[in-house]
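1. Sequence first, then the predicted structure:
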Amino acid sequence: MTARVDHLVTSGTFSLDGGTWEVDNNVWIVGDDEEAIVVDAAHDADAILAALGGRALRAIVCTHAHNDHIDAAPALAEATGAPVLLHPDDLPLWKQTHPGRAPDGELADGQTLTVAGTRLTVLHTPGHAPGAVCLHAPELVTVLTGDTLFQGGPGATGRSFSDFPTIVDSIRERLLTLPPETLVRPGHGETTTIGVEAPHLQEWIDRGH
């Protein structure tokens with residue numbers, strides 16, 4: 001059976017540097033009717049379990065460790081036995097949310113995850129967070145970008161652990177080199193494509209997010 005990308009929106013809060021904001025997060029489920037991986041277990045483990053519908057969960061992949069992307073990861077792991085995977089550069093952020101519970105495994109640039117016969121390649125894209133990653137699934141014409149690239153520009157870089165020149169370099173070198181028809185499925189908001197976003201790189205730099 002061909003793999004697909006299912007989409008769930010969950011709601012909660014994002015907290016960093018002493019502030020807290022209400023947020024809606026995209027949870028992406030990649031797989032078929034038998035097995036899946038979850039990208040960013042945000043806010044509501046029960047809702048994610050319901051969306052899985054009994055499929056075997058092979059991994060819980062964290063695009064980065066801001067609390068709104070990982071707050072439900074331990075509960076989902078406990079319910080399913082799936083490992084939580086995170087790039088080690090984001091461990092300092094992870095520990096702010098889950099000080100007593102380490103991730104189960106590491107993500108590395110160039111690593112390949114396979115689910116339902118479909119390969120997802122890990123792209124290390126620091127900037128929004130030091131260990132931010134994107135997942136490129138060429139067979140699905142999709143890149144899951146977390147908070148690195150959105151419809152309309154880069155992720156925010158105004159808080160701790162983030163850097164604007166770094167995120168621009170990541171987007172330029174790792175994402176805008178993908179085929180223009182590639183769907184960009186971000187951590188918040190609407191889906192876009194590489195071809196739609198690529199022409200605006202200089203505008204983003206001039207705005208200096």
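-> Done, it's in. Numbers count the residues shown, from 1 in each chain.

2. who's in contact with whatever helix or strand Leu57 lives in?
-> Leu57 belongs to strand 56-61 when assigned by DSSP states H and E. Applying C-beta atoms under 8 Å, 6 or more residues apart in numbering, the contact partners of strand 56-61 are 31, 34-41, 73, 76-77, 80-85, 105, 107, 113, 115, 135. The way it works is simple: take the backbone N, C-alpha and C, and place the C-beta from them, glycine included.

3. again, 6 Å this time
-> 35, 37-39, 41, 73, 76-77, 80, 82-85, 115 (C-beta atoms under 6 Å, 6 or more residues apart in numbering).

4. and Pro199, how many residues sit next to it?
-> 10 (other C-beta atoms under 10 Å).

5. Any regions of the chain where pLDDT drops low?
-> By pLDDT under 70, the weakly predicted segments of the chain are 1, 209.

6. would you list every one of the strands in it?
-> For the chain, the strands defined by DSSP state E occupy 4-16, 19-31, 35-39, 56-61, 84-86, 105-106, 112-115, 118-124, 133-137, 142-146, 149-150, 153-154, 183-186, 192-193.

7. what's the closest of those to Ser160?
-> strand 4-16 (6.4 Å; C-beta to C-beta).

8. Excluding sequence neighbours, find me the nearest residue to Thr118.
-> Spatially, and ignoring its direct neighbours in sequence, Thr118 is nearest to Ala3 (3.9 Å; C-beta to C-beta, 6 or more residues apart in numbering).

9. how much space between that neighbour and Leu86?
-> 23 Å (C-beta to C-beta, to the nearest Å).

10. Which residue of these two possesses the greater neighbour count?
-> Using other C-beta under 10 Å, the more surrounded residue of Ala3 and Leu86 is Leu86, with 26 against 21.

11. these two touch, right, the more buried one and Cys62?
-> Yes - using C-beta atoms under 6 Å, Leu86 is in contact with Cys62, at 4.4 Å.

12. how about stretch 91-103: buried residues?
-> Within stretch 91-103, the residues scored as buried using 16 or more other C-beta atoms under 10 Å are Leu93, Trp94, Thr97, His98, Pro103.
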